[in-house]
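In: need a 3D model of the sequence below.
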Amino acid sequence: MTAVETQITYSNSFTIHHEDTYMTQEEDWDRDLLLDPAWEKQQRKTFTAWCNSHLRKAGTQIENIEEDFRNGLKLMLLLEVISGERLPKPDKGKMRFHKIANVNKALDFICSKGVKLVSIGAEEIVDGNVKMTLGMIWTIILRFAIQDISVEETSAKEGLLLWCQRKTAPYRNVNVQNFHISWKDGLALCALIHRHRPDLIDYSKLRKDDPIGNLNTAFEVAEKYLDIPKMLDAEDIVNTPKPDEKAIMTYVSCFYHAFAGAEQAETAANRICKVLAVNQENEKLMEEYEKLASELLEWIRRTIPWLENRAAEQTMRAMQQKLEDFRDYRRVHKPPRVQEKCQLEINFNTLQTKLRLSNRPAFMPSEGKMVSDIANAWKGLEQVEKGYEDWLLTEIRRLERLDHLAEKFKQKCGMHETWTAGKEDLLSQKDYESASLMEIRALMRKHEAFESDLAAHQDRVEQIAAIAQELNELDYHDAATVNTRCQGICDQWDNLGTLTQKRRDALERVEKLWETIDQLYLEFAKRAAPFNNWMDGAMEDLQDMFIVHSIEEIQSLITAHDQFKATLPEADKERMATLGIHNEILKIAQTYGIKLSGINPYTNLSPQDISTKWDTVSQHLVPLRDQMLQEEVARQQANERLRRQFAAQANIIGPWIQTKMEEISHVSVDIAGSLEEQMNSLKQYEQNIINYKSNIDKLEGDHQLIQESLIFDNKHTNYTMEHVRVGWEQLLTTIARTINEVENQILTRDAKGISQEQLNEFRASFNHFDRKRNGMMDPDDFRACLISMGYDLGEVEFARIMTLVDPNNTGVVTFQAFIDFMTRETAETDTAEQVMASFKILASDKNYITVEELRRELPPEQAEYCISRMTRYVGPDSPTGALDYISFSSALYGESDL
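Out: You can find the predicted model right below:
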């Protein structure tokens, strides 16, 4: 390591130069303590032990540090041991100049290591100067034991301190900040040992209040197991206000060197393991590559002959099995090999990269197993594979064409034979001889559909013949069977054409006989259907339930019923004309001897149905409807009388309630009289309202009759019973609330000393700014009112006032809230501070009051009230039974909990 020039002041007698400044920055009091005998004792013991820890490697030691170095021999030996270098040969004489020469050789060696000694001469060492000797030894310790310490870009003292802090950070009660008082309790030394050798010390059993025990434990364990001699005395460290920093640093540096060596060995072992692990992994990858390459090449060698086989099969099934085997090869056998080939290339590239990164030679596979060899073999496989697949598909297409034609011939023949089955018997039937016209026409339409179907199947017959010809041309192995079946189909087809024409001629002859009768059936159906619908609608209307709520509505129903009865004569004429058509059909059938089925094919209605419905409408339902309408007229006349009776009362009560509400409102804001006069007037209104209750009860009785009669509207009045009830309840609430407000105003006036003139002024101001005349002011009107009364309002002040007059944020200020606010503003009130001051007088200016003082100064009832509610006073000067009147006074005004 490069030598660093150092300068360190020591005992005001010598100077050591160094670029690091950790020693030159000591406080003044710190330098003075260097002369402290306790520090000198600690240094002598520590430095002696440190020197012996190195000298014993050379088979010697010192007893007295200032005496044993005087001749320079052991000093030179110490420097050789700790530096590992040879010093000049010492002088063997015992004269003073021999000793001075030996010491100078040692000092010259120290200077050669980058340490410049100032004020330290060989003569002082030879003369046994204790402070100079200790300073020289400290210089050696700094240079050879501490200066080379390096932790996280810090070195020497700072590096050693940082190392100690890092190692002891996890331990409780350990906070290393320096090399003196941080080590007094011994826990830091024990933590260092436990961090590296937890088997030597049970840290959990150590106590911070046993510093001597902790220190001795650390000294003994270090000496016994770590080969670190005991350099300090526990009693000296504990009993010294500030232990010697140099002694502590010297001792702690031994731990650093002891544990640092172990860490270096561990690092070296880890490096070797890492190198071996890389090598083992590379060898494993090489073996895997060789194995995969061999397996893949062997599979390619076995597969290529199978793909080169072009022996064709005789059947489609056999060729399809070959194709299925090829597909199985492509889906099952080849994909894993594709992955193996890809993985092989990946492993090869990964292996080469790892070898290159770890400075190893490139990997050379066995002969014939290079990536290029595998790629060429794979290319040959794919070429053979492509030719094999093309051959398979060509052969399969050839066999597929033959099988397809044969199967298609069988399918079309089967479909044709299925369609023609029974068709010859069907065409030979004479079912039309006993059929009606509709049935004949249906048979004709059915026959026409069959003819269309027959023509459509002509293409299929031609296709069957064409397929048979192609199979013969391709020399199909079963061509004889195909030809026999095709000939049978062609002969049957010619017979079907002949039978179809014969049946058409017969159906056309019979159809004309029924056309006349059918026309009459159709005309009957056309006239009977709408007439029947008319009768159904009439029956539904005549039996329809109705709900009416007025005479006008029932009169409208009667008018509509009269209009319906007027249409009955015309309907009867239509009935007779419809029945006449049916009579004509019966006449024609009787004249020409035609057997009728008795059913009209165009309708389900019979003449009997029409006659029966007509009798029901004209003879039963019309008279019944007349009776029901007359009964409803009588009921609606009775309901109208109930409506007029209720409306007559409601039209009187409703306005009366509204008038009383307005009168009460005027009384509440009237400033023409005193509050007592207003109270008397309101009492009279209250009595009048109570006396009027009988009219409400009578109206309730009429309303009950209306509800029982299911009357839901009344055009004679705008007042409903619900309106009257709500108005009556509002009237009762308003008179009660108004009386209460006046009572509160009287109480406020009497309690706060507000004159009648002030109240009148408040009322006049409120009435002026009550622009809506509803007994309430908006916030803007309230602000204007306060300004008119001389208030200087800012936003904050007005917001505070609004929280007083509108605590629920309703957005309006009532008259009562306005009066309460103005009363608080103009009247003198008691405060919590005034009550506290009064109690303080009774308590003779103390912060508490006793039970005896309360009973002496207050009436018995008030005294007991205070005693039961006051809490005990807590304070340094409080006697037993002292009570807290301050919190009690605050609670009286809601400023705290009582």
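
In: contacts, neighbours, all on C-alpha from now
Out: Will do.

In: all strands of the protein, in order?
Out: Along the chain, counting by DSSP state E, strands occupy 7-10, 14-17, 116-118, 150-151, 154-155, 776-777, 813-814, 871-872, 883-884.

In: can you give me the end-to-end span of stretch 873-886?
Out: 9 Å (Cα to Cα, to the nearest Å).

In: near residue 746, how many other residues are there?
Out: Residue 746 is flanked by 19 other residues according to other Cα atoms under 10 Å.

In: ok, the residue lying closest to it once chain neighbours are set aside - contacts?
Out: Among residues not flanking residue 746 along the chain, residue 675 sits closest, at 6.6 Å (Cα to Cα, 6 or more residues apart in numbering). The neighbours of residue 675, taking Cα atoms under 8 Å, 6 or more residues apart in numbering as the test, are 742, 745, 746.

In: mind checking which of the residues you listed land in helices?
Out: The helices, defined by DSSP state H, take in 742, 745, 746 from the contacts of residue 675.

In: any chance of those residues in TSV, plus distance to residue 229 and pLDDT?
Out: Below are these laid out as TSV (distance: Cα to Cα, whole Å; pLDDT from 0 to 100):
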residue	distance to residue 229	pLDDT
742	103	79
745	100	75
746	102	78
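
In: closest to residue 368 out of those?
Out: Closest to residue 368 out of these is residue 745 (118.4 Å), distances taken as Cα to Cα.

In: contacts only, for that closest one.
Out: Residues near residue 745 by Cα under 8 Å, 6+ apart: 675, 816, 819.

In: could you export these as TSV, including distance to residue 802 and pLDDT?
Out: Putting the contacts of residue 745 into TSV (distance: Cα to Cα, whole Å; pLDDT from 0 to 100) gives the following:
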residue	distance to residue 802	pLDDT
675	27	75
816	14	76
819	14	76
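
In: as CSV, these with distance to residue 462 would be great.
Out: CSV is the format used below for those (distance: Cα to Cα, whole Å):
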residue, distance to residue 462
675, 122
816, 110
819, 114
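
In: out of the strands of the chain, which gets the lowest mean score?
Out: For those, mean pLDDT drops lowest on strand 7-10, to a mean of 32.

In: ok, and the closest non-adjacent residue to residue 181?
Out: That would be residue 242: by Cα to Cα, 6+ apart, it lies 5.7 Å from residue 181.

In: neighbours around the one you found, how many?
Out: 18.

In: hang on, it packs against residue 179?
Out: No: using Cα atoms under 8 Å, residue 242 is not in contact with residue 179; the gap is 9.5 Å.

In: gap between residue 615 and residue 568?
Out: 12 Å.

In: where is the longest helix in this structure?
Out: Across the chain, the longest stretch assigned as helix under DSSP H is helix 245-308.

In: which strands or helices does that one pack on?
Out: Contacts defined by 3 or more Cα pairs under 8 Å, 6 or more residues apart in numbering; DSSP states H and E place helix 245-308 against helix 37-55, helix 156-168, helix 187-196, helix 334-357, helix 371-420.

In: how about those helices, which one is nearest residue 135?
Out: It is, among the helices and strands packed on helix 245-308 and with distance given as Cα to Cα, helix 37-55, at 9.7 Å.

In: buried set for the closest one?
Out: 38-55 (16 or more other Cα atoms under 10 Å).

In: what angle sits between that helix and helix 245-308?
Out: With axes from the mean of the first three to the mean of the last three Cα atoms, to 10 degrees applied, the angle from helix 37-55 to helix 245-308 works out at 40 degrees.

In: hmm, who's touching helix 37-55?
Out: 33-34, 60-65, 77-78, 81-82, 134, 137-138, 228-233, 236, 240, 243-244, 246-247, 250-251.

In: show the buried residues in the residues you listed.
Out: Here, 16+ other Cα under 10 Å leaves 34, 61-62, 65, 77-78, 82, 134, 137-138, 228-233, 236, 243-244, 246-247, 250-251 buried among the contacts of helix 37-55.

In: so which of the residues you listed sit within helices?
Out: Going by DSSP H, the helices hold 65, 77, 78, 82, 134, 137, 138, 236, 246, 247, 250, 251 from those.

In: residues contacting the second one?
Out: For residue 77, the set of contacting residues under the criterion of Cα under 8 Å, 6+ apart consists of 55, 58.

In: if I look at it, how far off is residue 837?
Out: 91 Å.

In: how about the first one?
Out: With distances defined as Cα to Cα, the gap from residue 65 to residue 837 amounts to 82 Å.

In: so what does the residue minimising distance to the centre of the chain look like in phi/psi?
Out: Centroid-nearest residue in the chain, with Cα atoms, centre = their mean: residue 809, separated by 36.8 Å. Backbone torsions for residue 809, taken as degrees, to the nearest 10, come to phi 60, psi 50.

In: what about the residue nearest to it when sequence neighbours are not counted, how many residues close to it?
Out: Distances taken as Cα to Cα, 6+ apart place residue 803 nearest to residue 809, at 7.8 Å, with adjacent residues excluded. One way to gauge burial is a neighbour count; for residue 803, by other Cα under 10 Å, it gives 11.

In: so what's residue 803 scoring on pLDDT?
Out: Taking residue 803 on its own, its pLDDT is 87.

In: over to the one 5 residues further on?
Out: According to the model's per-residue confidence, residue 808 sits at a pLDDT of 85.

In: for it, give its distance to residue 776.
Out: 15 Å.

In: what does residue 66 give?
Out: 107 Å.

In: what of residue 807?
Out: For residue 807, the distance to residue 776 - Cα to Cα - is 15 Å.

In: compare these two (neighbour count), which wins?
Out: Per other Cα under 10 Å, whichever of residue 807 and residue 776 has more neighbours is residue 776, with 22 against 12.

In: what's opposite the more buried one in the beta bridge?
Out: residue 814 (DSSP bridges).
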